[in-house]
Structure formats: C-alpha cells, structure tokens
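1. Based on what follows, work out the 3D shape:
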Amino acid sequence: MGRIGLQLRATLENITRLRAEGEDFRWYLKVRRRRGLREVGEAVLGDSAPLKGGRGSATMVQKCKLCSRENSIDILSQTIKPYNAEDSEKFKTIVEFECRGLEPVDFQPQAGFAAEGAESGTPFNDINLLEKDWNDYDEKTKESVGIYEVTHKFVKC
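-> Numbering: from 1, shown residues only. Modelled structure (predicted):
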C-alpha cells in the first residue's frame, strides 16, 4: 500500500508553527479498504495496537468483516511537521501514514493543535479547528491572530 501524506492548506494571520500538539494527539480520519469494498469507516489514530502474529504494532488495526484480513494504518511520528507562516495558502505535508489495506479518504481536524504568534512567539494551545477557522488576540503585539479556510488533501509519498 505504502505511505500517504496528509497535506494541509490554511490562511494564517499573524500566526506560525501550527502543529499537532503532544504525544497523545488524535488524528480523526475516515478510511476505506483499498481492495474490493468501498465501505467507509471512521478511525481515530492515537494509541498503538498489536498486529496479528506478533509482527509489531500500528496506530490502527482493523479486521475486515468479510475476508478476515487485518488492515492497518500507522502514524509515522518522525514525519510530523508544523505549518508555518511562509506556508500560508499553500499545501504542505504535515504528517505521513504507513497504510496496509486501508486508505484515508477524509480528515477532520479537531482540538489539540498549537501555534505561536508570528512576531511575538506567544503560545496558543488547544486550538480547535473543527469549524475550519479559529481566531484569538495576541496581547503582546495587540493584534488579532487567526487560522482560516483550513482544507486538506491526501498524496502518495
């Protein structure tokens, strides 16, 4: 199956280093089997689960109800990158997944993102992108900050 990258595009206002925050960050994806069925299911990627036969672990392991095949997706944590001010309004890969039998078809950003004021470095934590927009106020620079028009796409790596 291979590696699939999640690319993000957003308009950043006076903000930089938008990123998934913490080891326990959850990636909310809709996935489907690559072969045969086109059934779409939801996946919350976070904790690791063992693979059948002691072949290691993956972030999500799912057994097909029809053929009993084990499918998995694993977050490649070393590929997680911030979305910076200079990336604004451009697609950038922010994470890659190792996919075996499943492919992501949709991403729903939610809470758990963090960012910094572009000029001040002021930390903004627990940013929720569920509405695809977020804004706040940077007391140090006396300016509004925001993340707008969040979109995504998946690409083969």
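2. Could you use CA atoms for every contact and neighbour count after this?
-> Fine.
3. Tell me the bridge partners for the closest residue to K92 other than its chain neighbours.
-> Computed as C-alpha to C-alpha, 6 or more residues apart in numbering, the closest residue to K92 that is not its neighbour in sequence is Q7, at 4.9 Å. Bridge pairing for Q7 (DSSP bridges) gives the partners T93, K153.
4. show me the contacts for Q7.
-> Neighbouring residues of Q7 by C-alpha atoms under 8 Å, 6 or more residues apart in numbering: 91-95, 152-155.
5. Out of those residues, which end up buried?
-> Using 16 or more other C-alpha atoms under 10 Å as the burial test, the contacts of Q7 include 91-95, 152-154 as buried.
6. Any chance of CSV for those, columns pLDDT?
-> Shown next, in CSV, are the buried ones among the contacts of Q7 (pLDDT from 0 to 100):
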residue, pLDDT
F91, 98
K92, 98
T93, 98
I94, 97
V95, 95
H152, 97
K153, 97
F154, 96
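7. unless I'm mixing things up, K30 is touching P109, no?
-> No. Between K30 and P109 there is no contact under C-alpha atoms under 8 Å: 11.6 Å.
8. still on that earlier bit, what's the closest of the contacts of Q7 to I80?
-> Nearest to I80 among the contacts of Q7: V95, at 4.4 Å, using C-alpha to C-alpha.
9. ok, how many other residues are close to the closest residue to the closest one other than its chain neighbours?
-> Among residues not flanking V95 along the chain, I80 sits closest, at 4.4 Å (C-alpha to C-alpha, 6+ apart). Residues lying near I80 (other C-alpha atoms under 10 Å) number 17.
10. can you check Y137 too?
-> Burial measure for Y137: 14 neighbouring residues, criterion other C-alpha under 10 Å.
11. what's the closest non-adjacent residue to T141?
-> Nearest one to T141, counting by C-alpha to C-alpha, 6+ apart, is S120 at 6.5 Å.
12. mind pulling up the phi and psi values for the one you found?
-> Main-chain torsions, S120, degrees, to the nearest 10: phi -90, psi -20.
13. In this protein, where is pLDDT below threshold?
-> Filtered on pLDDT under 70, the chain yields the residue ranges 1, 34-58, 60-62, 64-67.
14. quick one: which helix or strand includes I73?
-> I73 belongs to strand 70-76 when assigned by DSSP states H and E.
15. Tell me who's in contact with the residue nearest to V95.
-> So I80 contacts 20, 94-96 (C-alpha under 8 Å, 6+ apart).
16. Good, we can wrap up now.
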